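Undergrad: based on what follows, work out the 3D shape:
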Amino acid sequence: MTREKALSPFLYLGGLGLLFVLLTLVGGVFGYVIYLGLQGIHLWLALGFAFVLFFCFFYHWLMYAFLMGAVYLQTSVSPTRLRRSHKTLIVFFPLLTALLALFGVQKRQVETSFIVMINRLVRGSLYKVPADKVLLLVPHCLQWQACPHKVTVKSENCRHCGQCKIGDLIELAKAYGCHLEVVSGGTLARMLVKKIRPEAIVAIACERDLASGMSDVFPIPVLGVVNDRPYGPCCNTQVDINEVRQALERIIYG
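TA: Numbering: from 1, shown residues only. Here you go, the predicted model:
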């Protein structure tokens, strides 16, 4: 069983459902008060407001139902629905993190659940992406800390000595024909995404960077692979090459 299979998107989906219930109740109460005020001005104005409010609630509950079906029933996801579901997830991420913190849930747990859910949605998409339109984003912390060869942005400087996974990832990218970039942080990653303009991304990073990065590059679909940190954050991190290979194959071959 892979690490991702051991995790569950239920934390994020369950929290999102609770958040929608609270927003619906609060919005309904304030909406009713506003409706009564508008009714005193003009009936059609009040009805128009009520319709818009109802549509907003209905749309987000519809997206929530779609997310539940896509994640748990493994239903196919069209590109349009994938983009809409991403938007629903991303917009409510800060609110959901704050809400679950009240119940003692750590932000890292929310981020992990978010990543697993996005990965499932992307894997359920109906389309394939040509290999030359796929970007493999690799964090520089995977490089052996004592290595004298700088591979950030210029990965061909790697000597394939075997001290870290950078060489294996370069060979993997060459084998599949996709772009590979080693980045030192989120700012550089976003700049490269704008420059290369990929149709899909496989990103390796910690939970925090993956969660924020998936939001930043929306609506580009991203499959995230969480790295291992046996020596602590940002120092000689590790990654399962098989997980990266499976992510690339899912995007390229469908």
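Undergrad: any weak-confidence spans in the stretch 101-250 of the chain?
TA: Segments of the stretch 101-250 of the chain classed as low confidence (criterion: pLDDT under 70) are 124-127.
Undergrad: again, 80 this time
TA: Judged against pLDDT under 80, the low-scoring parts of the stretch 101-250 of the chain cover residues 118, 120-127, 153-154, 185-187, 211-212, 214-219, 232-233.
Undergrad: show me where the stretch 51-200 of the chain has its helices.
TA: 79-91, 93-101, 107-123, 166-176, 186-196 (DSSP state H, counting those that start in this stretch).
Undergrad: kindly format the C-alpha coordinates of the shortest one as CSV.
TA: Output for helix 93-101, consisting of C-alpha atoms alone and laid out as CSV, is shown next (Å, rounded to 0.1, in the frame of the first residue of the first chain):
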residue,chain,number,x,y,z
PHE,A,93,-9.2,26.5,1.8
PRO,A,94,-8.3,29.3,4.2
LEU,A,95,-11.7,29.3,5.9
LEU,A,96,-11.7,25.5,6.2
THR,A,97,-8.2,25.5,7.8
ALA,A,98,-9.3,28.1,10.4
LEU,A,99,-12.5,26.1,11.1
LEU,A,100,-10.8,22.8,11.6
ALA,A,101,-8.2,24.4,13.8
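Undergrad: got the contact list for that helix?
TA: Applying Cβ atoms under 8 Å, 6 or more residues apart in numbering, the external contacts of helix 93-101 come out as Leu11, Tyr12, Gly15, Leu16, Leu18, Leu19, Leu22, Lys107, Val110, Phe114, Ala211, Ser215. Quick note: C-beta positions are derived from backbone N, CA and C, even for glycine.
Undergrad: of those residues, grab the buried ones for PyMOL.
TA: Here is the PyMOL command that picks out the buried ones among the contacts of helix 93-101, judged by 16 or more other Cβ atoms under 10 Å:
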select buried, resi 11+12+15+16+19+110+114+211+215
